[in-house]
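Enquirer: here is the input, now give the coordinates:
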Amino acid sequence: MKNFLNKIKTYIVANKVKSVIALIILLALGYWGYGKITSTAGDIRYVLSTVTKGTIISSISGTGQVSVSNQVDLKPNVSGTITYIGVKPGDKVVKGETLFSIDNKDAQKAVRDAEISLESAQLSLNKLEIQNSDENMNADLVKVYDDGFNDVSNTFLDLVPTVDGINNILGQTNLSDSSARNNGNTAVDYRNQTETLYYQVKDALNKNETDFRTLNRNSSKSDIENIINETYTTTKLLSDTIKSTKNFVDYLAQDTGKLNDFISSQNTLSTYTNTINTDLSSLLSSQTSIKSSKDALPNANLDMQSSLLSVKQKENALQDAKDKLSDYYITAPFNGTIASVPVNVGDDASSGTVLGTIITSQKLATIPLNEVDVAKIKLGQKATLTFDAVPDLTISGEVAQIDSIGTVSQGVVNYNVKISFDTQDVRIKAGMSVSASIITEVKQDILVVPNSAVKSQNSGNYVEMFDTPLPVATDGLAGSISKIAPNKISVEVGISDDSQTEIISGIKEGDKIVTRTILSTSTTTKTTTTSSLFGSAGARGGAIGR
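Expert: Numbers count the residues shown, from 1 in each chain. As a prediction, the model looks like this:
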């Protein structure tokens with residue numbers, strides 16, 4: 001704004017604007033132009049939401065009528081040989097009583113296998129929990145750093161005498177400067193290179209030794225890690241110095257032909273090489289162990305999450321196996337009287353076979369569902385019933401029968417689902433309209449996001465997120481402004497209801513995701529307004545002033 005006012009001031013002085021009216025018009029045009037320049041009306045805004053944990057109740061709704069006939073045909077959900085019949089016509093039965101059973105050897109085996117699989121996954125999780133416990137992780141870290149400190153201590157027992165030994169070798173008469181000069185430029189080059197390395201390693205060792213003396217094995221992990229790295233560098237430099245010295249000695253031995261005069265130095269240098277290489281290997285092992293230990297912390301968390309997920313999957317598999325096993329037992333959906341039993345033990349039955357018919361005094365609701373919805377319905381699922389004739393009444397119920405043969409009407413296949421009432425109300429009459437909401441699945445403590453946040457692309461699903469959080473809008477409008485488009489994050493979705501969708505993987509609790517994008521409706525006046533204010537329009541303003 002300050003820059004804008006300065007431009008107005010400069011323009012007034014340059015064009016000698018004197019007219020009050022002209023000045024007011026000019027300032028008004030300028031303020032309008034400034035507002036256009038600084039306006040955010042042309043920016044895209046994003047409404048964000050936080051990923052949270054919650055509960056989703058998935059249900060299927062339908063409308064129908066209260067049944068006139070309160071009888072239900074008992075049919076199995078599975079196929080197999082009938083192994084048990086516990087009732088005969090005229091018997092009184094109570095809700096939940098087992099009436100028939102189908103051969104279930106395979107289903108029982110599936111349950112046993114699922115139990116073993118769950119037990120194995122639980123053992124693996126327990127093992128990881130023990131390995132990754134704070135006590136064990138801390139003990140492992142302490143040992144790694146303690147071993148590293150010991151390696152540094154042992155290395156220093158070799159560093160000082162080795163550096164002194166090289167100094168003694170270079171001080172021998174047959175390896176002196178004068179001897180090197182007497183043997184030509186190559187010998188001098190070897191000698192100079194070796195001396196340079198010697199003084200470098202001596203300086204490095206002096207500093208390294210000073211740093212080491214200030215520490216003990218109880219020093220901070222970062223200090224111990226630094227001294228290990230510093231000692232490794234010094235030791236590596238000493239290794240290079242030993243190699244250079246050996247090259248110098250070997251050259252003089254060959255050049256002078258006096259091999260016996262150099263054997264002692266060559267043997268000493270070979271010993272130094274083996275000792276320092278061993279130290280280098282120990283220090284490198286310490287560096288690797290520390291890095292592995294540090295990397296193990298996030299990896300351990302990932303392993304734990306993976307193991308927890310595996311246990312959850314095995315628990316779900318066991319529950320599915322148990323649910324399937326329960327399908328082999330046909331129970332009474334409500335209290336009633338057995339009207340007929342048209343089958344015998346040993347007969348083969350399928351999902352369309354009527355095992356028996358039960359008559360009840362309870363009222364039933366008959367709800368037609370399409371082929372997509374009925375595939376999600378199972379016997380025993382809970383339902384909520386409401387009635388147009390009695391708007392203040394809500395009754396709970398349970399799925400008692402699912403037709404195995406549909407009825408075609410105008411090209412649409414519908415299957416009747418009968419729902420028994422948990423409580424009776426005298427206001428409910430046969431033939432009344434009824435609305436039912438059948439609960440097909442309930443999941444608690446799961447990641448949930450608004451349905452509007454989940455988008456589809458190429459047979460997959462994704463949500464949109466920004467790398468960094470957007471600033472909160474201060475202009476009173478919905479959403480936050482961003483010049484950069486959000487990233488598309490692939491997600492795996494689970495169940496959903498009218499407002500929320502389950503997220504199985506891809507994002508985590510606390511993430512900020514885009515739930516709505518507000519597109520701009522005006523994006524064109526910025527440049528034009530700016531140009532007219534201080535360009536051609538400015539010239540016209542000066543003419544008015546005069």
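
Enquirer: so who does Tyr251 touch?
Expert: Shown in contact with Tyr251 (C-beta atoms under 8 Å, 6 or more residues apart in numbering): Thr186, Ala187, Tyr190. Where you see a C-beta, it was placed from the backbone N, CA and C, and this is true even at glycine.

Enquirer: are any of those buried, and if so which?
Expert: In these, burial by neighbour count holds for Ala187, Tyr190, counting by 16 or more other C-beta atoms under 10 Å.

Enquirer: which among the contacts of Tyr251 gets closest to Lys512?
Expert: Nearest to Lys512 among the contacts of Tyr251: Tyr190, at 65.7 Å, using C-beta to C-beta.

Enquirer: what does the pLDDT read for the closest one?
Expert: What the model reports for Tyr190 is a pLDDT of 90.

Enquirer: let me see the contact set for it.
Expert: By C-beta under 8 Å, 6+ apart, Tyr190 lies in contact with Ala180, Ser244, Asn247, Phe248, Tyr251, Leu252.

Enquirer: tell me which helix or strand comes right after the one helix or strand the fifth one maps to.
Expert: In this structure, Tyr251 sits in helix 221-256 according to DSSP states H and E. Beyond helix 221-256 in the direction of the C-terminus, DSSP H and E gives the next helix or strand as helix 263-326.

Enquirer: would you say Ile504 is within a strand?
Expert: Yes - under DSSP: H, G, I helix; E, B strand; the rest coil, Ile504 falls within a strand.

Enquirer: that one: neighbour count?
Expert: Neighbour count of Ile504, defined by other C-beta atoms under 10 Å: 12.

Enquirer: hmm, it is touching Glu492, no?
Expert: Yes - using C-beta atoms under 8 Å, Ile504 is in contact with Glu492, at 4.2 Å.

Enquirer: Val144 touches Ile290, doesn't it?
Expert: Yes - counting by C-beta under 8 Å, Ile290 is a contact partner of Val144 at 5.7 Å.

Enquirer: surely Pro333 touches Phe421?
Expert: No - using C-beta under 8 Å, Pro333 makes no contact with Phe421, being 11.3 Å away.

Enquirer: now the helix or strand where Lys109 lies: average pLDDT?
Expert: Secondary structure assigned from DSSP H and E places Lys109 in helix 105-131. For helix 105-131, mean pLDDT rounds to 90.

Enquirer: which is the next helix or strand following that helix?
Expert: Helix 105-131 is succeeded, C-terminally, by helix 134-170 (DSSP H and E).

Enquirer: what's the mean pLDDT across that next one?
Expert: Helix 134-170 shows a mean pLDDT of 85.

Enquirer: not counting sequence-adjacent ones, nearest residue to Ser176?
Expert: If the residues on either side of it in the chain are set aside, Ser176 comes closest to Leu170, at 7.9 Å by C-beta to C-beta, 6 or more residues apart in numbering.

Enquirer: identify the residues contacting that neighbour.
Expert: So Leu170 contacts Ser176, Arg191, Thr194, Glu195, Tyr198, Thr245 (C-beta under 8 Å, 6+ apart).

Enquirer: that's a helix at the fourth one, yeah?
Expert: Okay, so that is Glu195. Yes - counting by three-state DSSP, Glu195 is part of a helix.

Enquirer: where does pLDDT dip in the chain?
Expert: The chain contains residues with pLDDT under 70 at 1-42, 131-139, 296-301, 520-546.

Enquirer: which strand is the longest one in it?
Expert: strand 433-450 (DSSP state E).

Enquirer: after it comes which helix or strand?
Expert: Under the assignment DSSP H and E, the closest C-terminal helix or strand after strand 433-450 is strand 455-457.

Enquirer: on contacts alone, who are the packing partners of that following strand?
Expert: Judged by 3 or more C-beta pairs under 8 Å, 6 or more residues apart in numbering; DSSP states H and E, strand 455-457 is in contact with strand 460-465.

Enquirer: can you name every helix or strand that the helix or strand following the strand it packs on contacts?
Expert: Later in the chain than strand 460-465, the nearest helix or strand by DSSP H and E is strand 480-481. With contacts defined as 3+ C-beta pairs under 8 Å, 6+ apart, strand 480-481 has these neighbours: strand 45-50.

Enquirer: list the helices and strands the helix or strand following the strand it packs on packs on?
Expert: Sequence-wise, the next helix or strand downstream of strand 45-50 (DSSP H and E) is strand 52-66. If contacts are counted by 3+ C-beta pairs under 8 Å, 6+ apart, strand 52-66 sits against strand 364-370, strand 433-450, strand 487-496, strand 500-505.

Enquirer: so what strands line up beside strand 52-66?
Expert: In the sheet, strand 52-66 lines up against strand 364-370 (antiparallel), strand 433-450 (antiparallel) (DSSP bridges).

Enquirer: out of these, which gets nearest to Ile116?
Expert: Per C-beta to C-beta, nearest to Ile116 of the strands paired with strand 52-66: strand 433-450, 25.5 Å.

Enquirer: for Ser340, which non-adjacent residue is closest in space?
Expert: Counting by C-beta to C-beta, 6+ apart, Ser340 lies nearest to Thr357, which is 4.8 Å off, once chain neighbours are set aside.

Enquirer: I figured the one you found was touching Asp73, is that so?
Expert: Yes - shown here, Thr357 and Asp73 form a contact pair, counting by C-beta under 8 Å, at 5.4 Å.

Enquirer: as CSV, the contacts of Tyr251 with secondary structure and distance to Lys207 would be great.
Expert: Listed next are the contacts of Tyr251 as CSV, based on DSSP: H, G, I helix; E, B strand; the rest coil; distance: C-beta to C-beta, whole Å:
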residue, secondary structure, distance to Lys207
Thr186, helix, 33
Ala187, helix, 31
Tyr190, helix, 27
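
Enquirer: could I get the contacts of Tyr251 as CSV with distance to Ser264?
Expert: CSV is the format used below for the contacts of Tyr251 (distance: C-beta to C-beta, whole Å):
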residue, distance to Ser264
Thr186, 23
Ala187, 19
Tyr190, 18
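
Enquirer: closest one of the contacts of Tyr251 to Leu205?
Expert: The closest of the contacts of Tyr251, once distances to Leu205 are taken by C-beta to C-beta, is Tyr190, at 22.2 Å.

Enquirer: before we move on, back to that, out of the helices and strands packed on strand 52-66, which one sits most buried?
Expert: Highest mean neighbour count of the helices and strands packed on strand 52-66: strand 364-370, a mean of 22 (counted as mean count of other C-beta atoms under 10 Å).

Enquirer: off-centre distance for that strand?
Expert: The chain centre lies 41 Å from the centre of strand 364-370; the measure is C-alpha atoms, centre = their mean, to the nearest Å.

Enquirer: quick one, what contacts the closest residue to Gly54 other than its chain neighbours?
Expert: The shortest distance from Gly54 to any non-neighbouring residue, by C-beta to C-beta, 6+ apart, is to Val448 (4.3 Å). Neighbouring residues of Val448 by C-beta under 8 Å, 6+ apart: Val51, Thr52, Lys53, Gly54, Thr55, Ile56, Gln500, Thr501, Glu502, Ile503.

Enquirer: on that earlier part again, ok, the residue nearest to Ser340 to Thr331 distance?
Expert: 15 Å (C-beta to C-beta, to the nearest Å).

Enquirer: same question, Leu470
Expert: Distance of Leu470 to Thr331, computed by C-beta to C-beta: 55 Å.

Enquirer: same question for Thr384.
Expert: As judged by C-beta to C-beta, Thr384 and Thr331 stand 22 Å apart.

Enquirer: same question for Ser435.
Expert: For Ser435 relative to Thr331 (C-beta to C-beta), the value is 27 Å.

Enquirer: over to Asp255?
Expert: Applying C-beta to C-beta, the value for Asp255 to Thr331 is 103 Å.

Enquirer: cool, Asn416 as well?
Expert: Asn416 is 20 Å from Thr331, by C-beta to C-beta.

Enquirer: with Val374 instead?
Expert: Val374 is 21 Å from Thr331, by C-beta to C-beta.

Enquirer: thanks a lot, see you next time.
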